[in-house]
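Visitor: here's a sequence, model it:
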Amino acid sequence: MQCSYCQYTDSRVLESRSTEAGQSIRRRRECLRCKHRFTTYERLEFVPVTVIKQDARREYFDRSKLLRGIIHACQKTGLTPDTLESIVDDIESQLQARTVREVTTAEIGELVLRELRPLSEVAYVRFASVYRQFQGIRDFVDTLHQLNEVRSQESEANSLEINRSAAKVSVDS
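Guide: Down below sits the predicted model:
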């Protein structure tokens, strides 16, 4: 492995660990010449997924591009970098599991929103505003109403589940 500082080709591995739910290996290395430390990743090579853009152009799926967009939406929300990496890992896994090797940007955007909604409402709205190309305040308000409706439905479902559990406990007693 080539040193990122002096380009020397020999290095020693200081530490190895599995990352991305076992999808890659992170290795901490030290250059044998300059002693500079750097990190490398070994990833499984996947069959490429083609992304169909809004203007009908096609390009290969780029996880780093997706991660940058999510990071931008999640600034100052308290979500950790590990959480954001995990979101991208989950989406990439979902795309790789499909039999169809093409996906639209709209489908990827919906996958991101599905992952962000339970984690951060602020990040959800920020990502939605760019992905759905909000034109004004009305678009924000509509999205907030949808988010509120989903939260109410989830709250009702949780209440029903709690009531069922309590009823079962009282019957069992």
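
Visitor: quick one: L147 and S120 touch, right?
Guide: No - between L147 and S120 there is no contact under Cβ atoms under 8 Å: 11.1 Å. C-beta: built from backbone N, CA, C; applies to glycine.

Visitor: leaving out chain neighbours, which residue sits closest to the residue nearest the centre of the chain?
Guide: When Cα atoms, centre = their mean is applied to the chain, the residue found nearest the centroid is I87 (2.2 Å). Nearest non-adjacent residue to I87, counting by Cβ to Cβ, 6 or more residues apart in numbering: E115, 4.6 Å away.

Visitor: how many neighbours does the one you found have?
Guide: Using other Cβ atoms under 10 Å, E115 has 21 neighbouring residues.

Visitor: do R101 as well
Guide: R101 has 12 neighbours, counted by other Cβ under 10 Å.

Visitor: pull the contacting residues for it.
Guide: Taking Cβ atoms under 8 Å, 6 or more residues apart in numbering, we find R101 in contact with V47, P48, V49, T50.

Visitor: nearest to R33, of those?
Guide: R33 lies nearest to P48 out of these, by Cβ to Cβ, at 35.6 Å.

Visitor: what secondary structure does the closest one sit in?
Guide: Following DSSP: H, G, I helix; E, B strand; the rest coil, P48 is assigned to coil.

Visitor: output the lowest mean pLDDT helix or strand found in this protein.
Guide: The weakest-scoring helix or strand in the chain, judged by mean pLDDT, DSSP states H and E, is helix 137-172 (a mean of 70).

Visitor: re the thing from before, of the contacts of R101, buried ones?
Guide: Those of the contacts of R101 that meet the buried threshold are V49, by 16 or more other Cβ atoms under 10 Å.

Visitor: same list (the contacts of R101) but as JSON lines, adding pLDDT and distance to Q133.
Guide: Formatted as JSON lines, these follow (pLDDT from 0 to 100; distance: Cβ to Cβ, whole Å):
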{"residue": "V47", "pLDDT": "77", "distance to Q133": "31"}
{"residue": "P48", "pLDDT": "86", "distance to Q133": "27"}
{"residue": "V49", "pLDDT": "91", "distance to Q133": "23"}
{"residue": "T50", "pLDDT": "93", "distance to Q133": "22"}
